[in-house]
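Student: Predicted model, plus sequence, below.
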Amino acid sequence: MDHLAEFLFSLIASIALISSLFIFHKFWAKTAKTYWVRIIVGSWLLIGEIWFLVTKDIFVFKFADGTLNPMFMYWELCAILTVTAIILMVVPSKLNLDLFLPFAILAPIIVIVVPTADTKSWGFDNFRYWNYYFGHLGLMFAYLYTYLFGYTKAKLSWQSIRRSAAFAIFLATFLMVWNMAYSPNNPLEPVPAGEDLNKWWGPNYLYKFLMYYLGMGRFSLLNQYFLMIFVLMPLILTLCWTMLYFLRPMYANCGTQRLKFDIHENILGFRTIFTKANFKQTSKSLLNKITTSGKKPPLDKN
């Protein structure tokens, strides 16, 4: 693997920084009472986003030679999450966390852990390396920091599940409509053999990040949409919600109040369900059902 040192450095740095939120939680709780962490993280994300928008010609539909710009209006998930993370650093809100937190955890993990052909070619001297890896790390850190240290009252609930599911459906549908609008070919027909998916599906074919690598990128766009909505998205959301079920906020009120946490009560529920009293009550109830199930009801003499 090319540039293995760069990949390992970003991976180790990511693990170390995220782990520090849990290992050195008292330190981070003290910083939650100030603004400097949010200013640093928000500034880094803003610089990276501006650099990306300018250097990749995001708002240019066609180049001077007439070819389509594959980065035109780049509606990629992490690009959207970077903007929402910058907003979160300025104005922390429960709505922001409910909508985007599941994806802000899972998407950067996949990006940092799974190398691509592009990332294998980047060295320490390439700013894109720092923008890519540490931009995604900053994105994940921004959401976890706000969530764990009680800037809002966000937690996994039926409301947060509905909101994140609504965002997922909206994003998948919006991208499909966008692809259909700018695709130079019929979106209802599959891709002929030998054609380049990026050129065939137009300037913003973002389904390739899942469909192409899963071997389904040559299906028609409509088929890809249905697979995304009814198969992949439910699996992704279930995984995200499961992570959040085990990942609970550690503090409330901006790091001023330590929340009590017991893995048996809060996660597994052993102390509240599998108690001696509950066992006796359940056994007695089950025994009564067994002993009375064979008895016939008394006859009505009238």
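Tutor: Everything's here; your move. As the structure is a computational prediction, the values presented were derived from the model and not from experiment.
Student: rest of the way, CA atoms for contacts and neighbours
Tutor: Fine.
Student: which of the residues in stretch 60-75 are buried?
Tutor: By 16 or more other Cα atoms under 10 Å, the buried positions in stretch 60-75 come out as 68, 69, 70, 71, 72, 73, 74, 75.
Student: same thing with stretch 23-36?
Tutor: 25, 28, 29, 31, 32.
Student: C-alpha coordinates for it, CSV please?
Tutor: In CSV, the C-alpha atoms belonging to stretch 23-36 read as follows (Å, rounded to 0.1, in the frame of the first residue of the first chain):
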residue,chain,number,x,y,z
ILE,A,23,-10.4,8.7,29.0
PHE,A,24,-9.8,12.4,29.8
HIS,A,25,-13.5,13.3,30.1
LYS,A,26,-12.8,15.5,33.1
PHE,A,27,-10.5,17.7,31.0
TRP,A,28,-12.9,18.0,28.1
ALA,A,29,-15.8,18.7,30.6
LYS,A,30,-13.8,21.7,31.8
THR,A,31,-13.3,23.0,28.2
ALA,A,32,-17.1,22.7,27.6
LYS,A,33,-17.5,25.6,29.9
THR,A,34,-15.5,27.8,27.5
TYR,A,35,-15.5,28.5,23.8
TRP,A,36,-12.0,27.8,22.7
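Student: Just the residues contacting it, thanks.
Tutor: Here stretch 23-36 makes contact (Cα atoms under 8 Å, 6 or more residues apart in numbering) with 21, 37, 149, 151, 251, 254, 255, 256.
Student: Let's see if you can find the most crowded of those residues.
Tutor: Taking other Cα atoms under 10 Å as the neighbour criterion, residue 149 ranks highest of the contacts of stretch 23-36 with 29 neighbours.
Student: Against residue 160, how distant is that residue?
Tutor: Distance, residue 149 to residue 160, by Cα to Cα, to the nearest Å: 18 Å.
Student: same thing with residue 170?
Tutor: For residue 170, the distance to residue 160 - Cα to Cα - is 15 Å.
Student: The two: which is more packed in?
Tutor: With neighbours defined as other Cα under 10 Å, residue 170 and residue 160 compare such that residue 160 has more, 22 against 12.
Student: Can you tell me the closest non-neighbouring residue to residue 99?
Tutor: residue 164 (4.4 Å; Cα to Cα, 6 or more residues apart in numbering).
Student: ok, now residue 107?
Tutor: Residue nearest to residue 107 in three dimensions, not counting chain neighbours: residue 78, with 7.0 Å by Cα to Cα, 6+ apart.
Student: coming back round to it: any idea which of the buried residues of stretch 60-75 is least confident?
Tutor: Within the buried residues of stretch 60-75, residue 70 has the lowest pLDDT, namely 67.
Student: Where does pLDDT dip in the stretch 101-250 of the chain?
Tutor: For the stretch 101-250 of the chain, the stretches with pLDDT under 70 are 198, 202-209.
Student: which stretches of it form helices?
Tutor: Counting by DSSP state H, counting those that start in this stretch, the stretch 101-250 of the chain has helices at residues 127-148, 158-182, 197-200, 221-227, 233-246.
Student: out of those helices, deepest packed?
Tutor: Mean neighbour count (mean count of other Cα atoms under 10 Å) peaks for helix 127-148 among these, with a mean of 22.
Student: hey, C-alpha coordinates of it in PDB?
Tutor: Provided in PDB are the C-alpha atoms of helix 127-148 (Å, rounded to 0.1, in the frame of the first residue of the first chain):
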ATOM      1  CA  PHE A 127      -2.900  19.600   1.800                       C
ATOM      2  CA  ARG A 128      -5.700  17.400   0.500                       C
ATOM      3  CA  TYR A 129      -4.400  14.700   2.800                       C
ATOM      4  CA  TRP A 130      -4.800  16.900   5.900                       C
ATOM      5  CA  ASN A 131      -8.100  18.300   4.600                       C
ATOM      6  CA  TYR A 132      -9.500  14.800   3.900                       C
ATOM      7  CA  TYR A 133      -8.500  12.800   7.000                       C
ATOM      8  CA  PHE A 134      -8.500  15.500   9.600                       C
ATOM      9  CA  GLY A 135     -11.500  17.300   8.200                       C
ATOM     10  CA  HIS A 136     -13.500  14.100   8.700                       C
ATOM     11  CA  LEU A 137     -11.900  13.700  12.100                       C
ATOM     12  CA  GLY A 138     -12.900  17.200  13.000                       C
ATOM     13  CA  LEU A 139     -16.400  16.600  11.800                       C
ATOM     14  CA  MET A 140     -16.800  13.500  14.000                       C
ATOM     15  CA  PHE A 141     -15.200  15.200  17.000                       C
ATOM     16  CA  ALA A 142     -17.500  18.300  16.700                       C
ATOM     17  CA  TYR A 143     -20.600  16.100  17.000                       C
ATOM     18  CA  LEU A 144     -19.300  13.800  19.700                       C
ATOM     19  CA  TYR A 145     -17.900  16.700  21.800                       C
ATOM     20  CA  THR A 146     -21.300  18.500  21.700                       C
ATOM     21  CA  TYR A 147     -23.200  15.400  22.400                       C
ATOM     22  CA  LEU A 148     -21.200  13.800  25.200                       C
END
